[in-house]
Structure formats: structure tokens, C-alpha cells
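In: Just the structure for this:
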Amino acid sequence: MAEAEASPAEISEEELLAKLEEQNRLLQQDSKVPNLPSRGTDSLQRATSISSTTSGLTSSLGESTTSAHSQPAHRPSTATSSVLGSFISAVLHQDNDKSSPVGSLKDADVKPPQDEYQIWGELLANWEENIKRKPKVIQRLVRGGIPSKLRGLAWQLLSGAKNLTLACGYVELLERDSPCEKQIRRDLARTFPDHEFFKEKDSLGQEALFNVMKAYSLHDREVGYCQGSPFIVGLLLMQMPEEDAFGVLVRIMQEYHLRELFKPSMSELGVCLHQLDSLVQEHLTELYGHFQAQGFHCTMYASSWFLTLFASTLPLDIVFRIMDWFLLDGMEAVFRISISVLQASCDDLLNLDMEGMVKLLQNSLKSKYEDKTEQEGLFARASDLKVNVKKLKKAGKDFQVQRERETEESVENRRLRNENQILLHRIGILEEETQTLAQRLIEGQVTRAEEAEEVFSLRREMSSLKKQLQDIADSRSSTPNPEADLERLRQRVNQLEEDSAELTQLRQREADMATALASSQARIAELASQTVEMCRLQRREAELASQVSALNDDITLLREQLVERNHQLSTLVNDTSQDDNVQVNGVQQMEEGV
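Out: Numbers count the residues shown, from 1 in each chain. A predicted model of the protein is given here:
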């Protein structure tokens with residue numbers, strides 16, 4: 001505690017060296033530091049070592065190396081900065097890095113690489129002071145390329161993520177369960193599948209990638225997990241331990257507005273693509289016209305550029321430099337690189353159709369930019385590009401206004417569609433009711449017609465009956481003997497009743513005869529069926545009789561052959577007995593002779 005409370009001026013170089021040796025010893029004993037077999041191995045280990053050592057030193061110096069976005073802290077002494085810068089340079093010189101020089105802090109001429117490392121060491125050791133006093137120098141240095149062995153620490157300082165992991169509770173987040181774990185596991189093999197650190201299943205790299213993505217899905221539940229973000233995390237893990245990578249991820253998601261791109265609605269991605277479209281129209285007018293003629297929108301090729309910061313499209317050494325630019329300039333860097341890529345491929349794109357353009361911009365860029373000359377040309381064009389930030393913001397606002405208008409129109413259209421559906425439903429109900437009423441009306445008209453016809457018939461019968469009654473009355477009045485007429489009528493009625501009874505009997509007999517006829521027809525059908533079966537049996541019987549006759553003939557023939565064989569056998573037996581007798585006689589004669 002006494003050492004922690006001491007001022008920077010009171011700490012001697014011997015104490016700093018002792019702390020340095022202790023940090024190195026702890027780092028060597030730390031089992032979490034990955035041993036990468038690829039070119040990124042030394043970079044990651046040195047970045048880890050530098051990050052840990054710098055953290056230990058700055059913690060004792062009053063947290064002097066905080067980010068450009070944090071509050072001012074105590075400034076380290078000149079001796080401390082010199083020691084830290086010398087340490088970083090000494091570590092870097094172990095590999096004799098031969099990257100191109102990028103200038104000095106005093107705007108002097110280009111110096112050899114060893115001076116570059118010294119420059120970066122002093123820059124990182126006095127980061128807070130330098131970011132305030134010399135932002136243009138830092139901008140030129142970063143755009144020239146951060147040395148690979150210092151990239152991890154530089155990214156943390158550029159993003160302002162130093163010691164952020166402790167505040168975010170990274171370890172506590174890993175102990176909880178995330179609903180996105182299954183989806184994260186599924187996408188691990190798709191993230192840098194050819195890189196040594198990530199290509200093996202359940203490797204150290206894949207586990208670190210899973211941990212960071214899981215922790216962030218719990219830290220920012222609104223974003224959760226989105227495809228594309230593992231590529232950004234993979235870039236960070238190639239340069240620093242997973243705890244630091246998590247801190248940088250949280251920082252760039254919040255401060256660089258990447259989380260707006262990864263929200264489920266991806267609303268900000270549409271804004272960025274519209275802004276890129278306006279830049280293409282401004283700087284590449286002919287290519288923009290070709291895109292419009294082919295119906296080739298930037299969503300077909302540039303979505304992955306924004307979501308992965310070109311990690312899925314370009315070689316890693318370029319992507320690392322793009323991340324340098326991004327942490328310095330934000331989304332403007334992505335726009336610059338995008339226009340530079342399109343400028344380099346403009347002539348080829350003008351001669352291709354839609355399918356060819358998609359193939360070139362998604363699959364062919366990686367092989368093209370393996371060449372160092374192409375890489376330098378890419379960043380040179382991006383640096384020279386003039387991007388009007390106000391126009392970009394205006395294009396973004398115009399797109400948002402247009403989208404809000406479209407959203408309002410879509411909401412209004414949705415409301416009108418719902419009302420239209422309700423009205424259509426009501427119209428359907430009314431049509432059904434109308435059809436029901438029309439059917440009832442027709443039925444009522446038919447009923448009234450039938451009733452009118454029945455009334456007309458009854459009236460006609462009534463008139464006929466009245467006429468008959470009148471005739472009867474007239475006949476009665478004119479007939480001298482009405483009893484005789486009545487008797488005749490009774491006889492007539494009796495005769496009709498008898499005829500009716502006889503008719504009923506005849507109908508009954510006809511019904512009985514119909515029943516009998518049906519029974520007879522069924523019997524005839526049954527007999528016909530039996531006759532057919534009998535004919536079949538007779539045919540079968542004839543076939544069997546023929547077979548029996550043939551068998552009898554075969555038996556007779558066999559008997560004759562047997563008799564003949566017996567005869568031959570008896571003849572053979574007789575011949576044999578005669579021969580035996582002759583032999584016996586011969587033997588006897590021989591015996592008598594002897």
C-alpha cells in the first residue's frame with residue numbers, strides 16, 4: 001500500500017525494474033496466455049506481456065496511461081516514461097521487426113524501425129498527454145500502421161478500454177448461462193476457419209471466442225448475439241487476452257456505435273449502406289450508374305464489410321490495419337476503405353454482370369490484396385479520399401426521415417389493411433344475410449303462390465260443389481221419389497267400396513307375386529351359379545378321368561414290362577443253373593479221373 005500511495009517522482013528506476021521483473025515472472029507463470037503457432041503468436045504474447053506490464057507499472061504510477069476518452073489522471077514522470085518506452089522498445093527489438101517507418105512525434109523525417117519502436121513506446125507510456133497535445137501525429141502514426149507487437153495495447157488505449165473488464169464483471173458473466181450459447185457454438189467453426197488459433201474444435205482460441213461472445217450476450221441483452229461479431233472478437237483475441245478483448249468489444253460497441261448495427265432490427269446498417277451508396281454516387285459516378293442499371297445494391301456486397309470490418313473479405317494483415325483506422329476514425333474508416341476497394345476494382349466491375357460483381361467483391365478480394373503493393377495502394381487511396389462528414393450525416397438523416405416516413409406509411413397502410421379486412425368481413429356477413437333474406441323472400445313468394453293456387457283450387461272445388469248441390473237440389477225438387485235415388489246412391493257407394501276392396505286385394509296379390517318373382521329370380525340366379533359350378537366340376541371330373549385312364553395305361557405298360565423282365569430273369573436263372581450243372585459234372589469227372 002505504501003508503494004501504491006507513493007508519488008511518481010518518488011519511485012526510482014530500481015523499483016520500476018523490480019516491478020517489471022515481478023510482472024514478467026507472473027506472466028510466465030500465467031497458464032491463460034495462449035501459445036499461438038502462427039505469425040500472430042509472438043504478437044499476442046508480446047501484447048499480453050506489454051499490457052500486463054504496463055498495467056502493473058501504471059497502477060503504481062497513479063493510472064497514468066488511461067484512454068483518450070477517460071478523465072485526466074496523474075502524469076507520470078519523465079524518468080518513468082523513459083523506462084517504460086525503453087522496455088517496450090527492448091521487447092519489440094527481440095524479433096527485429098522490419099516494417100516501414102512512419103515518422104516521429106516531432107514531425108521529423110522518417111527514422112529507422114528501432115526509432116519507430118521508441119516513438120511508440122514513448123507514445124503509449126504518455127498516452128493521455130500525447131493524445132491531447134499531438135492528435136495529428138497520432139493520427140498519422142496510426143494510419144501508417146501500428147507495430148504488430150504493440151497493437152493489442154494500442155487498441156486498448158485507442159478505444160479507452162483499459163481496465164474496463166473489471167468494471168463489466170467479465171468473470172461473473174462467464175459463470176452465468178446465456179440463451180445464445182447454442183448459436184454461438186454453432187458459429188465458432190465458421191470464424192477464421194483457416195487460422196491456427198481457431199480452426200481446431202474446442203481449441204484455446206475457440207473457447208476464448210465463445211467466452212467473450214457469451215459474456216457480451218449477457219452484458220448487452222438487447223443485442224445479444226449476432227452473426228458477424230465473432231470476426232471482430234477474433235481479431236481482438238489475436239492481439240490480446242480474452243478479458244481485454246471483452247473490454248475493447250464493449251467499448252467499440254458502445255462508443256463506436258457498432259451495437260446499433262448488431263441490434264435485431266439492424267437499423268443502423270441500413271443507414272450505413274445508404275451513406276455508402278451516396279459516396280459511390282459522388283466519387284464513382286460511372287460505377288454507380290452501372291450498379292443501378294444492373295439492379296446491384298450495396299446490400300448485396302457491403303453488409304459484411306460493416307458487420308465484420310472486412311475480416312471475412314480481406315487478408316488479416318490488412319484487416320488489422322483497418323481496425324487501427326476504425327479505432328481512430330470510427331465508421332468513417334470503413335467508408336474510406338470501401339470506396340478505395342471499389343476504386344481499385346472499378347474497371348473490372350464495369351465489365352461484369354450482377355453475378356460476376358458479387359463474386360468479385362465477396363470472393364476475389366482476399367487473393368488480390370495478398371500483394372503488398374495492392375495493400376499500400378488501398379490505404380493510400382483511402383487516405384487521399386475526401387469524405388464530407390456533413391454530407392454523410394445529412395444522407396443518414398435523410399435515410400432515417402425516409403425510413404420513418406415509410407414506417408409511418410407502412411403503419412398507416414397496415415391500419416388501412418386491418419380496417420379493410422374488418423370491412424370485408426362485415427361485407428361478407430351482410431352478403432350472407434342478404435342471401436338469407438333473398439332466399440326467405442323467394443321461399444315466401446313460392447309459398448304465397450302455392451297458397452294462392454290452393455285457394456284457387458278450393459274455390460273452384462267449392463264452386464263445383466255448389467253446382468252439384470244446386471243440381472242435387474234441383475233433381476230432388478224434380479224427382480218424385482228421392483228415396484229411390486238415395487238407394488241407388490247407396491248401392492253405388494257399396495259397389496265402389498267392393499271395387500276398392502277388390503282393388504286392394506289385387507294390389508296385395510301383385511305385391512306377393514312381385515316378392516315371389518324376386519325370390520324366384522334369386523333362386524334362378526343361385527341355380528345358375530350352381531349349374532356353372534357343376535359344369536366346372538364336370539370338366540374337372542373329365543380331366544381327372546382322363547388322367548386316371550392315362551395312369552391305367554401306364555400301369556398296364558409297367559405290368560407288361562415287369563412280366564417281360566420276370567421272364568428274362570427266369571431264363572437267365574435257368575441258363576445259370578445249367579452252367580452250374582455243367583461245371584459240377586466237369587468237376588466230378590475230373591475228380592473221378594484223378
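In: Lowest-scoring secondary structure element of this structure by mean pLDDT?
Out: helix 2-5 (a mean of 36; mean pLDDT, DSSP states H and E).
In: any idea of the mean pLDDT in the helix or strand hosting Q156?
Out: Using DSSP states H and E, the element containing Q156 is helix 151-159. Mean pLDDT, helix 151-159: 92.
In: CA atoms only: put it into PDB for me.
Out: The C-alpha trace of helix 151-159 is given here as PDB (Å, rounded to 0.1, in the frame of the first residue of the first chain):
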ATOM      1  CA  ARG A 151      -1.200  -3.400 -31.400                       C
ATOM      2  CA  GLY A 152      -3.100  -5.100 -28.600                       C
ATOM      3  CA  LEU A 153      -2.100  -2.400 -26.100                       C
ATOM      4  CA  ALA A 154      -2.600   0.400 -28.600                       C
ATOM      5  CA  TRP A 155      -6.100  -0.800 -29.400                       C
ATOM      6  CA  GLN A 156      -7.000  -0.800 -25.700                       C
ATOM      7  CA  LEU A 157      -5.700   2.800 -25.400                       C
ATOM      8  CA  LEU A 158      -7.400   4.000 -28.600                       C
ATOM      9  CA  SER A 159     -10.700   2.500 -27.600                       C
END
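In: For stretch 270-278, list the C-alpha coordinates in CSV.
Out: C-alpha atoms of stretch 270-278 as CSV (Å, rounded to 0.1, in the frame of the first residue of the first chain):
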residue,chain,number,x,y,z
GLY,A,270,-29.4,0.4,-43.4
VAL,A,271,-28.2,3.9,-42.7
CYS,A,272,-24.5,3.0,-43.3
LEU,A,273,-25.4,1.3,-46.6
HIS,A,274,-27.3,4.3,-47.7
GLN,A,275,-24.4,6.6,-46.9
LEU,A,276,-22.0,4.3,-48.8
ASP,A,277,-24.4,4.4,-51.7
SER,A,278,-24.3,8.2,-51.7
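In: What are the buried residues along that stretch?
Out: Judged by neighbour count using 16 or more other Cβ atoms under 10 Å, the buried positions of stretch 270-278 are G270, V271, C272, L273, H274, Q275, L276, D277, S278. All C-beta spots, glycine's among them, are computed from the backbone N, C-alpha and C.
In: And for stretch 562-575?
Out: The neighbour-count check on stretch 562-575 (16+ other Cβ under 10 Å) flags nothing as buried.
In: which other residues reach it?
Out: Residues outside stretch 562-575 that contact it (Cβ atoms under 8 Å, 6 or more residues apart in numbering): none.
In: Return the distance of it from the chain's centre.
Out: Chain-centre distance of stretch 562-575: 97 Å, with Cα atoms, centre = their mean, to the nearest Å.
In: Same question for stretch 534-551.
Out: Centroid separation for stretch 534-551 versus its chain: 76 Å, with Cα atoms, centre = their mean.
In: what's the answer for stretch 386-394, then?
Out: The answer for stretch 386-394 is 36 Å, by Cα atoms, centre = their mean.
In: Let me see the mean pLDDT of that stretch.
Out: Averaged across stretch 386-394, the pLDDT comes to 85.
In: Also stretch 131-140?
Out: Computed over stretch 131-140, the mean pLDDT rounds to 89.
In: can you tell me the distance between the two ends of it?
Out: Start-to-end span of stretch 131-140 (Cα to Cα, to the nearest Å) is 12 Å.
In: cool, stretch 223-234 as well?
Out: 18 Å.
In: Contacts made by that stretch with the rest, please.
Out: Contacts for stretch 223-234 (Cβ under 8 Å, 6+ apart): 178-180, 183-184, 187-188, 190-192, 195, 198, 205, 209, 212-213, 216-217, 245, 249, 252-253, 258-259, 262-264, 304, 307-309, 311-312.
In: let's go with 7 Å and repeat that
Out: Here stretch 223-234 makes contact (Cβ atoms under 7 Å, 6 or more residues apart in numbering) with 180, 183-184, 187, 191-192, 198, 209, 212-213, 217, 245, 249, 259, 262-263, 304, 307-309, 311-312.
In: List only those of these flagged as buried.
Out: 180, 184, 187, 191-192, 198, 209, 212-213, 217, 245, 249, 259, 262, 304, 307-309, 311-312.
In: Return the subset of those lying in helices.
Out: 184, 187, 209, 212-213, 217, 245, 249, 259, 262, 304, 307-308 (DSSP state H).
In: Include distance to L124 and pLDDT when you put those into TSV, please.
Out: Below are those laid out as TSV (distance: Cβ to Cβ, whole Å; pLDDT from 0 to 100):
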residue	distance to L124	pLDDT
I184	33	93
D187	34	90
L209	26	94
V212	23	94
M213	28	94
S217	31	93
A245	18	92
L249	21	93
R259	27	88
F262	30	90
S304	32	91
L307	30	92
T308	27	93
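In: from those residues, which is closest to I146?
Out: A245 (16.1 Å; Cβ to Cβ).
In: Name all residues that make contact with the closest one.
Out: V212, V233, L236, L237.
In: can you tell me which of those residues are in helices?
Out: V212, V233, L236, L237.
In: So L314: helix, strand or coil?
Out: The assignment at L314 comes out as coil when based on DSSP: H, G, I helix; E, B strand; the rest coil.
In: who's in contact with it?
Out: L365, K366, Y369.
In: swap the cut-off to 8 Å and go again
Out: I322, L365, K366, Y369.
In: which pair in those residues spans the largest distance?
Out: Farthest pair in those, by Cβ to Cβ: I322 and K366, 13.3 Å.
In: Compare the two and say which is more crowded by neighbours.
Out: I322 (22 against 15; other Cβ atoms under 10 Å).
In: Hmm, the more buried one is touching I337, no?
Out: Yes - at 5.7 Å, I322 and I337 qualify as touching, with contact defined as Cβ atoms under 8 Å.
In: Quick check: neighbours shared by the two?
Out: Taking Cβ under 8 Å, 6+ apart as the contact rule, I322 and I337 both touch F310.
In: hmm, back to that, need the ones in helices among the contacts of A245 in JSON lines (columns: distance to E404).
Out: Formatted as JSON lines, the ones in helices among the contacts of A245 follow (distance: Cβ to Cβ, whole Å):
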{"residue": "V212", "distance to E404": "35"}
{"residue": "V233", "distance to E404": "33"}
{"residue": "L236", "distance to E404": "35"}
{"residue": "L237", "distance to E404": "39"}
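In: just curious, which of the residues you listed is nearest to V142?
Out: So of the ones in helices among the contacts of A245, ranked by how close each gets to V142 (Cβ to Cβ), first place is L236, at 16.5 Å.
In: Am I right that that closest one is in contact with L249?
Out: Yes - using Cβ under 8 Å, L236 is in contact with L249, at 6.3 Å.
In: Between the two, which contacts overlap?
Out: Both L236 and L249 are contacted by V212, under the criterion Cβ under 8 Å, 6+ apart.
In: E207: which element?
Out: helix 204-219.
In: Next: S178.
Out: Short version, using DSSP H and E: S178 is in no helix or strand.
In: Quick one: residues contacting it.
Out: I184, K214, S217, L218, Y225.
In: swap the cut-off to 7 Å and go again
Out: Counted by Cβ under 7 Å, 6+ apart, S178 has contacts K214, S217, L218.
In: Return the member of those nearest to N585.
Out: Looking across these and measuring by Cβ to Cβ, the closest to N585 is K214, at 123.2 Å.
In: I184 is in contact with the closest one, correct?
Out: Yes - using Cβ atoms under 7 Å, K214 is in contact with I184, at 6.1 Å.
In: Could you say which helix or strand holds F291?
Out: Here F291 is covered by helix 285-294, with elements defined by DSSP H and E.
In: cool, and E200?
Out: E200 belongs to no helix or strand when assigned by DSSP H and E.
In: Report pLDDT for it.
Out: pLDDT, E200: 88.
In: what's the closest non-adjacent residue to it?
Out: Nearest residue to E200 in three dimensions, chain neighbours excluded: Q206, at 7.2 Å (Cβ to Cβ, 6 or more residues apart in numbering).
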